[in-house]
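Asker: could you work out the structure for the sequence below:
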Amino acid sequence: MFNCSMRKLTIAALSLGCLSVPAFCAQGEAPVAVSSAAVAPAQAPAPEKPAYVKKDTYFSLNGYDGVNVDLASYAGKPVLVMFFTSYCPYCKFAAPVMQHISETYGPKGLAVLGISTENAPEKARDFAQKYKLSFPIVVGGKPVSVAYKAHGVPNFYLLDSSHDVAGKWLGYDDGDEKTFSAAIEKVLSPAKKS
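Answerer: Purely as a prediction, here's the structure:
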């Protein structure tokens, strides 16, 4: 009497909200009752993230390894940026401090990025290896340093989670790590509440 096309009709009826409709197949098969538990409720789509707004602090540069580093990929995260050159003596003093900051505050939500104003990837690579830097280092950052209004190197910019400038330091002296840390703590504290 009934064939398998009736089962297709039953499944279609279930998807339209009918609940307990028996389905029949070829002769000799018993009817199959479908319970309402078999019908999963529709899930609401996940809310979309707001689009990243590119500000004056935005940059996208290649790392010394050729991998692109785009500030937009750090959306919603505070970022500490260091402009440097491989030959600058104060940059060499600051490098281990930046690594320590990365290790200390990275797990708490801070990203640390190094921007070499030189174009030579091998110089940036050698600098990163010599000072055992594990955070991303990009090259060709001279135009970005001009956009940031950085004068010389090293220069440090702390960006809040919206990537607005929350702090800047021109040059490096012993003891600056305490100043950096205090500013970083302030920038990270709103992120802890959300």
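Asker: which residue ranges form the helices in this structure?
Answerer: Counting by DSSP state H, one finds helices in the chain at the ranges 4-15, 89-105, 121-130, 142-147, 176-193.
Asker: TSV for the ones you listed, including mean neighbour count?
Answerer: Glycine gets a C-beta too; all of them are placed from N, C-alpha and C. Shown next, in TSV, are the helices of the chain (neighbours: other C-beta atoms under 10 Å):
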stretch	mean neighbour count
helix 4-15	13
helix 89-105	18
helix 121-130	17
helix 142-147	15
helix 176-193	14
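Asker: quick one: closest of these to residue 162.
Answerer: Checking the helices of the chain against residue 162 by C-beta to C-beta gives helix 176-193 as the closest, at 10.3 Å.
Asker: mind giving me the packing neighbours of that closest one?
Answerer: Here helix 176-193 touches helix 89-105, strand 155-159, strand 165-170, going by 3 or more C-beta pairs under 8 Å, 6 or more residues apart in numbering; DSSP states H and E.
Asker: swap the cut-off to 10 Å and go again
Answerer: strand 79-84, helix 89-105, strand 155-159, strand 165-170 (3 or more C-beta pairs under 10 Å, 6 or more residues apart in numbering; DSSP states H and E).
Asker: just want the angle from it to strand 79-84.
Answerer: 150 degrees (axes from the mean of the first three to the mean of the last three C-alpha atoms, to 10 degrees).
Asker: quick one, helix 176-193 and strand 155-159 angle?
Answerer: Using the same axes, to 10 degrees: helix 176-193 against strand 155-159 is 10 degrees.
Asker: could you give the average pLDDT over helix 176-193?
Answerer: Mean pLDDT, computed over helix 176-193, is 85.
Asker: start at 2, not 1
Answerer: Taking 2 as the first residue, the last one we looked at is helix 177-194.
Asker: lowest-confidence helix or strand of this structure?
Answerer: helix 5-16 (a mean of 45; mean pLDDT, DSSP states H and E).
Asker: quick one: contacts for residue 133?
Answerer: 96-97, 100 (C-beta atoms under 10 Å, 6 or more residues apart in numbering).
Asker: quick one: those as CSV, columns for pLDDT and distance to residue 145 too.
Answerer: Formatted as CSV, these follow (pLDDT from 0 to 100; distance: C-beta to C-beta, whole Å):
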residue, pLDDT, distance to residue 145
96, 98, 19
97, 97, 23
100, 98, 21
